[in-house]
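**Student:** No letters, just coordinates:
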């Protein structure tokens, strides 16, 4: 089966490859044109008839204009393209709640197969839509392919613990107070914080943008190292993880977290916000991975969030001093088996009888 992912920048999409189906993003189609890796709904509509693909796999729907998305769904129905939607989010990643719900309702009205990453997200989406959501539950799975880690190991650490925080500057992540609290709360002169950022945009420097304060905070602590990439690649993120001991996940809100799954892959200690369906992601692997050091920003006065985070950070520092953190080869073997099941499940959702 021939599959197009929309959008396809997430590592989640690119790992879904099997003898039963392959990804068309970045490949040449019969017209001689190449499907953009970051293909859009508009591009697909401009390259009809859509007889050159079997499955359209939707991920984050916030980025597409709803009228264009509706036209694309109609075109897929007309040409017999199976549409699959993986609900990574139970609240909008960008945009507002009204637009997000409108897109969800559009998908509900079309002949779209739904996939959810957790049972809890099925329940939440049912609440959001006011009607029962029928979905196949397929877990997130790995971020770092176990095979790619076969000959790798965590870099030997200096006396101090090494912390990592990465990703885009979004309203849902509080990178600024996290960095300030780490700088003032972790007094060990040998500890370090690596902040791997996605490239800033003009909006990050607008009136409400926090980029200037982020840069200023880092400048005052030589233990903090900022690096920036246009869009960090999987290899760059894995290298950063293997040079770290703990991953900071300061979500103000969220649904699921690929970063949390990466922490499990690399045996990093997650210092993680208790939000969305992240606890269920941990529960799936309970007994196989170390429990994150949780902090709860979902309730209580926002002025107390800092002390909650710093208390978790101090607990994490004590845990990091207790033992070395090598890659867990048994867990990576488990990831391989889990991934086979994920591919089998997706083959059925895609339409394995084609």
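**Tutor:** Structure received. Everything numeric here is computed off the predicted structure, so don't read it as measured data. Numbers count the residues shown, from 1 in each chain.

**Student:** May I see the buried residues of the lengthiest helix in the chain?
**Tutor:** Identified as the longest helix of the chain according to DSSP state H is helix 329-350. Using 16 or more other C-beta atoms under 10 Å as the test for burial, helix 329-350 gives 331-332, 334-335, 338-339, 342-343, 346-347, 349-350. Using the backbone N, CA and C atoms, a C-beta is placed for each residue, glycine as well.

**Student:** Need those in JSON lines (columns: pLDDT and distance to residue 230).
**Tutor:** Below are these laid out as JSON lines (pLDDT from 0 to 100; distance: C-beta to C-beta, whole Å):
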{"residue": "331", "pLDDT": "98", "distance to residue 230": "31"}
{"residue": "332", "pLDDT": "98", "distance to residue 230": "29"}
{"residue": "334", "pLDDT": "98", "distance to residue 230": "33"}
{"residue": "335", "pLDDT": "98", "distance to residue 230": "28"}
{"residue": "338", "pLDDT": "98", "distance to residue 230": "31"}
{"residue": "339", "pLDDT": "98", "distance to residue 230": "28"}
{"residue": "342", "pLDDT": "98", "distance to residue 230": "29"}
{"residue": "343", "pLDDT": "97", "distance to residue 230": "30"}
{"residue": "346", "pLDDT": "97", "distance to residue 230": "29"}
{"residue": "347", "pLDDT": "96", "distance to residue 230": "34"}
{"residue": "349", "pLDDT": "97", "distance to residue 230": "33"}
{"residue": "350", "pLDDT": "97", "distance to residue 230": "31"}
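
**Student:** how much space between residue 161 and residue 333?
**Tutor:** Distance, residue 161 to residue 333, using C-beta to C-beta, to the nearest Å: 27 Å.

**Student:** Please apply the same query to residue 202.
**Tutor:** From residue 202 to residue 333 the distance is 46 Å (C-beta to C-beta).

**Student:** go on, residue 64?
**Tutor:** According to C-beta to C-beta, residue 64 stands 38 Å off from residue 333.

**Student:** Let me see the contact set for the nearest residue in space to residue 267 that is not next to it in sequence.
**Tutor:** Of all residues not flanking residue 267 in the chain, residue 328 sits nearest, at 5.0 Å (C-beta to C-beta, 6 or more residues apart in numbering). Contact analysis of residue 328 by C-beta atoms under 8 Å, 6 or more residues apart in numbering lists 267, 288-289.

**Student:** Over to residue 113?
**Tutor:** Counting by C-beta under 8 Å, 6+ apart, residue 113 makes contact with 82-85, 136, 349.

**Student:** In strands, which of those residues fall?
**Tutor:** Judged by DSSP state E, strands contain the following of these: 82-85, 136.

**Student:** out of these, who has the most neighbours?
**Tutor:** Neighbour counts for the ones in strands among the contacts of residue 113 peak at residue 85, which has 22 neighbours (criterion: other C-beta atoms under 10 Å).

**Student:** And the pLDDT at that one?
**Tutor:** Turning to residue 85, the model gives it a pLDDT of 98.

**Student:** that's a strand at residue 5, yeah?
**Tutor:** Yes. Residue state for residue 5 (DSSP: H, G, I helix; E, B strand; the rest coil) corresponds to a strand.

**Student:** which SSE is the residue nearest to it when sequence neighbours are not counted in?
**Tutor:** In space, and not counting its chain neighbours, residue 5 is closest to residue 13: 4.0 Å by C-beta to C-beta, 6+ apart. Per DSSP states H and E: residue 13 is located in helix 11-14.

**Student:** helices and strands around the helix or strand following that helix, which ones?
**Tutor:** Going down the chain from helix 11-14, the next helix or strand is strand 22-23, by DSSP H and E. Secondary-structure packing of strand 22-23 (3 or more C-beta pairs under 8 Å, 6 or more residues apart in numbering; DSSP states H and E): strand 2-6.

**Student:** What strands line up against the strand it packs on, and which way round?
**Tutor:** Here strand 2-6 is paired, per DSSP bridges, with strand 22-23 (parallel), strand 55-58 (parallel).

**Student:** Tell me where this protein has strands.
**Tutor:** 2-6, 22-23, 55-58, 82-87, 112-116, 136-137, 162-167, 192-198, 224-229, 246-249, 269-273, 293-295.
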